Each structure stands twice: as C-alpha cells, then as structure tokens.
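1. I would like the atomic coordinates for the input below:
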Amino acid sequence: MKQARQIAEIILKGFRKHFRLFQQVTGRAWQRFEQADWQAYQQDSSERIQFYDIRVNETIANLQAQLPAECLNEPLWQQVKQHYLEYLLFHPQAELAETFYNSVFCRLFARKYFHNQNIFVESTLDKQHLPAPISSVYESYFPAQAGLKQSVRNIIGAFGFKTPFIDLEHDIRCILRSFIAQSSHGAYPVHLIRLDILRTPFFRNKAAYIVGRVVSPEGQQPFIIPLLHDTKRGLYLDTLLTDPQQMSIIFGFSRAYFMVECPVPSALVHFLRELLPHKTLAELYAAIGLHKQGKTEFYRELLSHLSRSKDQFVAAPGTRGMVMMVFTLPSFPYVFKVIRDKFAESKPFDRATVKARYQLVKGHDRVGRMADTLEYSDVALPRNRFDADLLAELQHSIAGSLQIEDDLVVIKHLYIERRMVPLNLYLEQATDQQKALIMDDYGLALKEMIAANIFPGDMLLKNFGVTRHNRVVFYDYDEVQYLLDVNFRSLPKTDSFEDAINAEANCWAEPGDVFPEQIATFVTPQAQIRELLFSQHPELLDAAYWRKKQYHIRQGIVEDIFPYPQAMRFSQRYSR
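-> Purely as a prediction, here's the structure:
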C-alpha cells in the first residue's frame, strides 16, 4: 500500500511540473505580443509541444530510479490508480492528470494491460460537475449599466495591454457598426444584452484574439475580435467575426495551437464548446495547445463511435500513396495512415525520415494550410470492422506494422488526420467557377506555406485536400522540408514549347535543386487547371519569387497571414 501511494505521488509530481512549465511558457505569449517579438513566440510555440514527452520520460526515470523492478506488477498498479484518483478529487486539471498517468503507465507496460482497471480509458471527470464552474473563466458586462460603447471600452481596458492603441475610439466605432450589421442581437435594447468575455486573450502568431458572446432573448451570439500590433504605431482591433464558419476556421485543425492561459482547462473548453457546438472536445483541447489531451479525447470518441456504428474500414478514396497506406471509416470523418514497409523507387528515404518530417510539421506554424496529425502507437481495432479486401491489402503493404491478435487488428504506429476530399478528385466533379476558386486557393496555400518556411516537396494535387469550408489544405508530409533548405533555379530561356521540354530534360541539377517552372508541367498537366492557377498566381513559376521568400525568412521577417478574408478587415472597410 505504501509503495502504491509513493508511485501515485511521483506521477502526480511529474504532472504538476509539466503543467507549471506549460503555463509558464504559455504566459510568455503576452509579453511576446506586446514586444512584437514574433520569432521568440514561434520558438516558444514549437518548444512547448515537446514539453509533455520530456516530463513523461523524466517521471518514468524517477520511478525506475526509486522503485524496485518488481513494482511493475498489475495488482500493485491497480492500487496506484485508486490512490491517484483520491488526489484528483476537485483537481483543477483532473482530466489532464489522468492522461499523464496513462502515458506513464503505457510506456511501462505491454498493450495487454491497457484497460480501464489500470488506466483511464474512461475519464472519471464528471462532465456535469467540473472542477470549477464555466463562469469562472469569463467576465460578464452589462451595457444597461454603462452603455454599449463604454462596455466595449471596458472590455478592452480590462485586459491591461501596455502597448498603446493607435486609435481605440475609432476601432470601437467600427466594432459597434459591424456588430449592428452582422447580428440580429444588435436590434435589442442594451438593457436586454449581456456580454460574456473570456478573461485571457488567445495568442497565435502575430495576433491576440478576444473571444466572447452576446447573450440576449434571441439566444447567444459568439464573436471573436482579432487584435494586431503595428510595430511602428501600436495596437488596433482588426475586425469583428461573428460568422460560425469563420470562427470555426480560426479554431481549425490546420492551424498552430493557441497560447492561452487556462488554470482550469475543462471550464475553458466547455465554454468554447457552447460557442462552437460543432467542435469536439478533442478539437478544442488541441486548439488551446493541450494536444495530448486532444489525443485522449479523440480516442474516446473513436471507441464510442465504433460502439454505435456498423460500417467497415475501407481504403480511402483517391490515388494510392507510395509511402503511406491510407484507410477510413466512412461514417467517421477521419483517415488512418500507416507507413508502408517498402517505398517506391522514386522515394529515396526511410521510415525514420517520414516520421521526422511529420514531427517537423507538428512543431511548426501550419498557417491554416497543413493538417494536424494525431500520432498513436499500438492501436487495437476490431478485426470484424475491416473490409476483407482492405485487410488483405494491409497485410501485404504494412505487414511490419500490423499484428492480428484474436479478434483485434493491432497497428504499431498510426497517424490520424481529418478526412478531406483530395483536390484532384474535387476538380473532377467541380464546375468551372468552383475550379477557378479552388485553384486560386491552392495557389494561396502554396504562398502561405512558403512564407512560413515550409516547402511541400511533392506539390501534386492529390497531396492536397479540400475542407468542408472549401479551403485547400496540405496533408502529405513525406517530402516536406524547410524552404531554406532548397535551392531554387530557373530553367534556360527558350523560344518554343518544344525547346522548353528539351531544356527540362537536359538541365543538369544537384540534389536539393528545384525548378519552379516545372510546376506547370508536372503539378498541373491539364491545360484548363494550369491556366486557372497561373493566371492568378504567375509568380509561382518564377524562381526569383521563391528566393525572395527565402530572403525574407533569413531577415527574420514574419509575414502576415490572416485566418479571415481581407475584405472583413476594418482597414479595408472603414478609413481612419
């Protein structure tokens, strides 16, 4: 009994250290924003992602140093879990502490021990009785007492930004004008309106986001106010977002995690879920930087869905990948990706390189153009849920990562991503207008990725997907690399198409050389698609354009990439 309690205390101590350091680096985001130190922010954001695994490994090392090897027995650890449960009563981060416990246990024990007696397959956190009420994370403002304009002024003032605003009164007028134009709530008298504002801003890249809702007899109207920093002049409110689709995109799976202080994560997540009811717990935990908790919640969602559905896993639609075998469950909006045992000759790298490239994207700013990936080990799925043809194909292509255990299919290393329509398939069914819009967005996706120092490598349309919001997102990372690691060259100038083809065939190239002109030949071979892309983005064919982006990155320039349309910005609509 004493050993069980000691083990529980060591694990909880490891979690407390992790969460303290996590909050510490998250808290620095405010300072980075005030100082417009964008590179330091990016470094903090990338390093924070590694914190969890470092602390889990530290905790395991402490356990192994302080406890004899015979302590690794199942009955003892069932007692450990009971003691740990006692410590979690009213714990402000109970659900995160459960996940931390699971990580420690699963790295010490074999997969056969992964059941609810030993780990928290099911959370003990009662979703209806959170460690703190949801109201603890927001402040309410009542325009009936101060007026709507003063209430907005009070909201901004309550955050206590030290950097002065360029013209806050102008921005407030824009907010009120936009609120009245966008929302039916604006038609209500101020004495019937309440404003609930989350107490801490959400920081990401070069913006701080104020998140809240308007409550009226009509119901509730969520909103987001992006706050930007002009390094030469000061702060300003950039727009007011009330459209559910735009808000969903800001919290989307293709963007970097927010930096937001959250002493009671469950309360914050449940408030966000009231604003964004179509987002799952997994998506919201991941969005606020708690991506390991996001993985836990996702796995629970998967298990729940499997228990409620009957369809089978099948090969994902689209062109088969040369590096990944991809399958999906039609009733579940995700794809499951496993590294193949053998790659095609055109892929001269190994599985370690593939894993490293997926990790590169995980820790990088995804600028709304690269899908987040959930990475799992030893995932057991019901054998009877696999289509016979798919199972046969898996046994042929990923035999080294696959194990059949009675009625289970166990996959040793698995990536899971949000399912999208492959861009090449989308184009086959699209109207001419849809093709023009989506190829414009494909060009923007390339530009935004390279501005963030990401070169996708294989830019074939099949490696990009179209989301339900009709945004183009990259999802195939086996050839991704930093833009700065590529040498962009121009092909010799020619006077005819035939000469251009010959120039491409005869041009001598070193490893790492890329000729942007070849995008037209290899990426968009169809004349209509090629014309749609390069009539809107001709600079993508110019090696000088790519080299200019490299120069900006080397100069420390972090470009503005907005997660909402330019036309929505106050600077585009209302002059100062």
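2. Let me see the contact set for Asn470.
-> By CB atoms under 8 Å, 6 or more residues apart in numbering, the contact list for Asn470 reads Leu437, Ile438, Asp441. Every C-beta, even on glycine, is put in place using the N, C-alpha and C of the backbone.
3. What distance do you get for Leu540 to Pro516?
-> For Leu540, the distance to Pro516 equals 6 Å [CB to CB, to the nearest Å].
4. quick one on the thing from earlier: may I see the PyMOL selection of the buried members of the contacts of Asn470?
-> In PyMOL syntax, the buried subset of the contacts of Asn470 is picked out as below (16 or more other CB atoms under 10 Å):
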select buried, resi 438+441
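5. which of the residues in the helix or strand hosting Val354 are buried?
-> Using DSSP states H and E, the element containing Val354 is helix 351-362. Along helix 351-362, these residues count as buried under the neighbour rule (16+ other CB under 10 Å): Arg351, Val354, Lys355, Arg357, Tyr358, Val361, Lys362.
6. Closest to Ala97 out of those residues?
-> Distance to Ala97 across those (CB to CB) is lowest for Lys362, with 23.1 Å.
7. And for Gln117, the neighbour number?
-> Residues lying near Gln117 (other CB atoms under 10 Å) number 11.
8. pretty sure Glu417 belongs to a helix, no?
-> No: under DSSP: H, G, I helix; E, B strand; the rest coil, Glu417 sits outside any helix and is assigned strand.
9. measure the nearest residue to Asn424 once chain neighbours are set aside to Glu531 for me?
-> Nearest non-adjacent residue to Asn424, counting by CB to CB, 6 or more residues apart in numbering: Leu461, 4.2 Å away. Distance of Leu461 to Glu531, given as CB to CB: 15 Å.
10. more neighbours, these two?
-> The neighbour comparison of Leu461 against Glu531 (other CB under 10 Å) goes to Leu461, with 23 against 14.
11. so that one makes contact with Phe522?
-> No: using CB atoms under 8 Å, Leu461 is not in contact with Phe522; the gap is 10.6 Å.
12. what sits against the residue nearest to Leu85 when sequence neighbours are not counted?
-> In space, not counting the residues next to it along the chain, Leu85 is nearest to Thr124; the distance is 6.2 Å by CB to CB, 6+ apart. Applying CB under 8 Å, 6+ apart, one finds that Thr124 lies in contact with Leu85, Leu88, Ala94, Glu98.
13. just those now: which is nearest Thr200?
-> Out of the contacts of Thr124, the member with the shortest distance to Thr200 (by CB to CB) is Ala94, at 20.4 Å.
14. any idea how far that closest one is from Phe100?
-> 11 Å.
15. any shared contact partners between those two?
-> Common neighbours of Ala94 and Phe100 are not found (criterion: CB under 8 Å, 6+ apart).
16. who has more neighbours, these two?
-> Neighbours per residue (other CB under 10 Å) separate Ala94 from Phe100, with Phe100 holding more: 26 against 23.
17. tell me the SS of the more buried one?
-> Using three-state DSSP, the structure places Phe100 in helix.
18. Name the nearest residue to it, sequence neighbours excluded.
-> Phe15 (4.2 Å).
19. The helix or strand that contains that neighbour packs against which elements?
-> Element membership of Phe15 [criterion: DSSP H and E] is helix 2-35. Counting contacts by 3 or more CB pairs under 8 Å, 6 or more residues apart in numbering; DSSP states H and E, helix 2-35 packs against helix 38-66, helix 74-88, helix 94-108, strand 202-204.
20. Pick the most deeply packed of those.
-> Highest mean neighbour count among those (mean count of other CB atoms under 10 Å): strand 202-204, with a mean of 24.
21. So which elements touch that one?
-> When contacts are defined as 3+ CB pairs under 8 Å, 6+ apart, strand 202-204 sits against helix 2-35, strand 207-216.
22. can I see the domain layout of the chain?
-> Following automatic domain parsing, the chain resolves into domains at 2-113, 134-303, 305-420, 423-554.
23. out of those domains, nearest to Ala567?
-> Ala567 lies closest to domain 134-303 among those, at 9.6 Å (CB to CB).
24. in stretch 272-281, what counts as buried?
-> In stretch 272-281, the ones that count as buried by 16+ other CB under 10 Å are Leu272, Arg273, Leu275, Leu276, Lys279, Leu281.
25. Most widely separated two among those?
-> The farthest-apart pair in the buried residues of stretch 272-281, when distances are taken by CB to CB, is Leu275 and Leu281, at 13.7 Å.
26. Show me what the closest residue to Arg547 other than its chain neighbours is bridged to.
-> Sequence neighbours aside, Phe488 is the residue nearest to Arg547 in space, at 5.3 Å (criterion: CB to CB, 6+ apart). Beta-bridge partners of Phe488, counted by DSSP bridges, are Val514.
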